[in-house]
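[1] the sequence isn't on hand, but the structure is:
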DNA sequence: TTGTAATAAATAACCGGTTAGTTAAATAGA
DNA sequence: TCTATTTAACTAACCGGTTATTTATTACAA
């Protein structure tokens, strides 16, 4: 941060830890695990390099703590926003519920991805690196099983005839995740292509809308009831 | 390759260049631009390190040559396989042609992505690195404008009422690319998730099929003619 | 309240190993 | 011999992690 004279500051381990974590998230997001420089993290945090090792052991320890925190945050978010839609196992499903869930889930995921660019960039690095340091899947018992809940919901909707039974639930989620992630990570590329289209590059709202259409139209089975159009 | 005694070999600059390019593609694909080690490339190629600098100037020069070659190869491939479907500007479109084109394009792209894992990994690295060294878009006049041809085709199909006019053509291509790329780059992740589904992970064929469904169902406007079903 | 021991927070300087790139010499074919 | 090809040896800069040390806070006895 400031490389000038010595900065007076209160001594507070928690504040220091948090500053380091924040700076590290930024540097990791920009440079990936291998590309991130501890010196850069130290400089960005405003604390000394070896304090990082004191608090987090080594580079990987620091990285894992960031990923773990993000995962907790992510699951809490999911639990508050989407779990209620999924969790009503006792209630029978109807076409409207399924449609609302899918639409909400896609929009929620898209927004999350857009609003958490740092985390998404870290995931992009993970994908490139072959998920070497990926620790998200190290689940502990008792945690909300987001993927499992969603898959169960999709399966129920398939059995009830509201979602195409031929689709693989995991693949459906995967495709949604892929669409959202790819859009965000490839925005610079999309921008470079505007001289080809000779038209303005579509914005966030249009991209979200188009992904929602993609998912709903492909997943939902058109209902015969009168108050539903076949073309969504 | 062999670190033992000196290897007798004919002197041939072109052979050496090609061996270096091939080795470099592999190392770049596995480690990204920054992560790739020149020494590793030299070792894998069987030639000396400084020969690389002699032929390609610097690391970036080597990288750019690989990307440029891949791009040429890619466009040639596209020109032979899909251009004929797109290039019949004088012919009026019909629903069948549009459907076949979309399906062929998605399947072709998916297969290409699956069969070119090295190149796709390099693109994944580019995405993570924020497309810093991305040179694909540096097009020269006279080259086949793949993206432009496809976009024009989609626009015509929209005007003719076969593809949803509300969709942005560039975004549609982008989504197809994203679906295929994400599937391949995230296969390890998909594999990790199989303990959640407690079912076998869907294979390539099923994934391709599901992506085709996603695209066709969302893009194609259901035709009123008798011999077409509304649900694809 | 004060002096002091114990502890926690923070840092500067350093180290072994690595890496992109350079220099200059050796070698083989024309 | 002359020139393009190929190489070994070298270097300056960098990087993750360690060590030794300093500075601030706390605990508590007198």
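    Arrived safely. Everything numeric in this text was worked out from a predicted model, so none of it was measured. Numbers count the residues shown, from 1 in each chain, chains lettered A, B, ... in the order given.
[2] SS state for the nearest residue to residue A:119 once chain neighbours are set aside?
    Excluding the flanking residues, the one nearest residue A:119 by C-beta to C-beta, 6 or more residues apart in numbering or on different chains is residue A:70, at 5.2 Å. (Each C-beta comes from the backbone N, C-alpha and C, glycine too.) Using DSSP: H, G, I helix; E, B strand; the rest coil as the criterion, the local structure at residue A:70 reads helix.
[3] check contacts around residue A:70.
    The neighbours of residue A:70, taking C-beta atoms under 8 Å, 6 or more residues apart in numbering or on different chains as the test, are A:116, A:119, A:122.
[4] next up, the contacts around the first one.
    So that's residue A:116. Listed by C-beta under 8 Å, 6+ apart, the contact partners of residue A:116 are residue A:70.
[5] and stretch A:84-101, does that touch chain B?
    No. Using C-beta under 8 Å from any C-beta of the partner chain as the criterion, no contacts between stretch A:84-101 and chain B are found, and the smallest distance is 14.4 Å.
[6] straight-line length of that stretch, end to end?
    10 Å (C-alpha to C-alpha, to the nearest Å).
[7] report pLDDT for the residue of chain A found nearest DNA strand C.
    With C-beta to the nearest atom of the strand as the measure, the residue in chain A that lies nearest DNA strand C is residue A:13; the distance is 2.8 Å. The model reports residue A:13 with a pLDDT of 84.
[8] from residue A:15, how far out is the closest residue to it other than its chain neighbours?
    Distances taken as C-beta to C-beta, 6+ apart place residue A:55 nearest to residue A:13, at 7.8 Å, with adjacent residues excluded. With distances taken as C-beta to C-beta, to the nearest Å, residue A:55 is found 12 Å from residue A:15.
[9] what is the burial count for residue A:209?
    Using other C-beta atoms under 10 Å in any protein chain shown, residue A:209 has 18 other residues around it.
[10] number of nearby residues for the residue of chain A closest to DNA strand C?
    Other residues lying near residue A:13 total 10 when counted by other C-beta under 10 Å.
[11] also residue A:131?
    For residue A:131, which is what you asked about, the neighbour count (other C-beta under 10 Å) is 20.
[12] pretty sure it contacts residue B:190?
    No. Counting by C-beta atoms under 8 Å, no contact exists between residue A:131 and residue B:190, whose distance comes to 10.2 Å.
[13] pretty sure the residue nearest to residue A:13 is in contact with residue A:17, am I right?
    Yes. In this structure residue A:55 lies within contact range of residue A:17 using C-beta under 8 Å: 5.5 Å.
[14] what residues do the two have in common as contacts?
    Contact criterion C-beta under 8 Å, 6+ apart; no residue bridges residue A:55 and residue A:17 by contacting each.
[15] give me the more crowded residue out of residue A:55 and residue A:15.
    Under the neighbour definition other C-beta under 10 Å, residue A:55 and residue A:15 were set side by side, and residue A:55 has more, 16 against 12.
[16] next helix or strand past the helix or strand of chain A with the lowest mean pLDDT?
    The helix or strand with the lowest mean pLDDT-type score in chain A, counting by mean pLDDT, DSSP states H and E, is helix A:194-197 (a mean of 67). Once the chain leaves helix A:194-197, the next helix or strand it forms, by DSSP states H and E, is helix A:204-219.
[17] in that next one, which residues are buried?
    Buried residues in helix A:204-219, counted by 16 or more other C-beta atoms under 10 Å in any protein chain shown: A:207-219.
[18] so which elements touch it?
    Here helix A:204-219 is seen to pack against helix A:95-115, helix A:169-185, helix B:169-185, helix B:204-219 when contacts are counted using 3 or more C-beta pairs under 8 Å, 6 or more residues apart in numbering or on different chains; DSSP states H and E.
[19] now those helices in JSON lines, with mean pLDDT?
    JSON lines is the format used below for the helices and strands packed on helix A:204-219 (pLDDT from 0 to 100):
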{"stretch": "helix A:95-115", "mean pLDDT": "93"}
{"stretch": "helix A:169-185", "mean pLDDT": "93"}
{"stretch": "helix B:169-185", "mean pLDDT": "93"}
{"stretch": "helix B:204-219", "mean pLDDT": "96"}
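[20] quick check: which of those helices is nearest to residue A:60?
    With distances scored as C-beta to C-beta, the stretch of those nearest to residue A:60 is helix B:169-185 (22.0 Å).
[21] for DNA strand D, see how far away the residue of chain A closest to DNA strand C is.
    The span separating residue A:13 from DNA strand D equals 10 Å under the rule C-beta to the nearest atom of the strand, to the nearest Å.
[22] got the contact list for the residue nearest to residue A:51 when sequence neighbours are not counted?
    In space, and not counting its chain neighbours, residue A:51 is closest to residue A:16: 6.5 Å by C-beta to C-beta, 6+ apart. Contacts for residue A:16 (C-beta under 8 Å, 6+ apart) come out as A:45, A:47, A:51, A:55.
[23] now do the contacts for the spatially most central residue of chain A.
    Centroid-nearest residue in chain A: residue A:113, 4.9 Å away (criterion: C-alpha atoms, centre = their mean). For residue A:113, the contacting residues are A:120, A:180, A:181, A:183, A:184, by C-beta under 8 Å, 6+ apart.
[24] surely the second one meets residue A:105?
    No. Because the distance of 10.5 Å does not satisfy C-beta under 8 Å, residue A:180 is recorded as not touching residue A:105.
[25] that older thread, quick one: list the elements packing against the host helix or strand of the residue nearest to residue A:13.
    Secondary-structure assignment from DSSP H and E places residue A:55 in helix A:49-56. Counting contacts by 3+ C-beta pairs under 8 Å, 6+ apart, helix A:49-56 is packed against helix A:13-35, helix A:38-45, helix A:59-81.
[26] near residue A:38, how many other residues are there?
    Under the criterion other C-beta under 10 Å, the count of neighbours that residue A:38 has is 16.
[27] again with residue A:224
    Residue A:224 is flanked by 7 other residues according to other C-beta under 10 Å.
[28] and it, helix, strand or coil?
    Following three-state DSSP, we place residue A:224 in the coil state.
[29] distance of it relative to residue A:95?
    According to C-beta to C-beta, residue A:224 and residue A:95 sit 10 Å apart.
[30] quick one: which of residue A:180 and residue A:105 has more around it?
    Each of residue A:180 and residue A:105 has its neighbours counted (other C-beta under 10 Å); residue A:180 has more, 25 against 22.
[31] what's stretch A:46-62 in contact with?
    With C-beta under 8 Å, 6+ apart as the contact definition, stretch A:46-62 has outside contacts at A:1-2, A:7, A:13, A:16-17, A:19-21, A:23-24, A:33, A:36, A:38-39, A:41-42, A:45, A:65, A:133.
[32] gap between the two ends of it?
    Separation of the first and last residues of stretch A:46-62 by C-alpha to C-alpha is 16 Å.
[33] touching DNA strand D at all, that stretch?
    Yes. In this structure, stretch A:46-62 sits against DNA strand D according to C-beta under 7 Å from any atom of the strand; the contacting residues are A:49, A:50, A:53, A:58, A:59, A:60.
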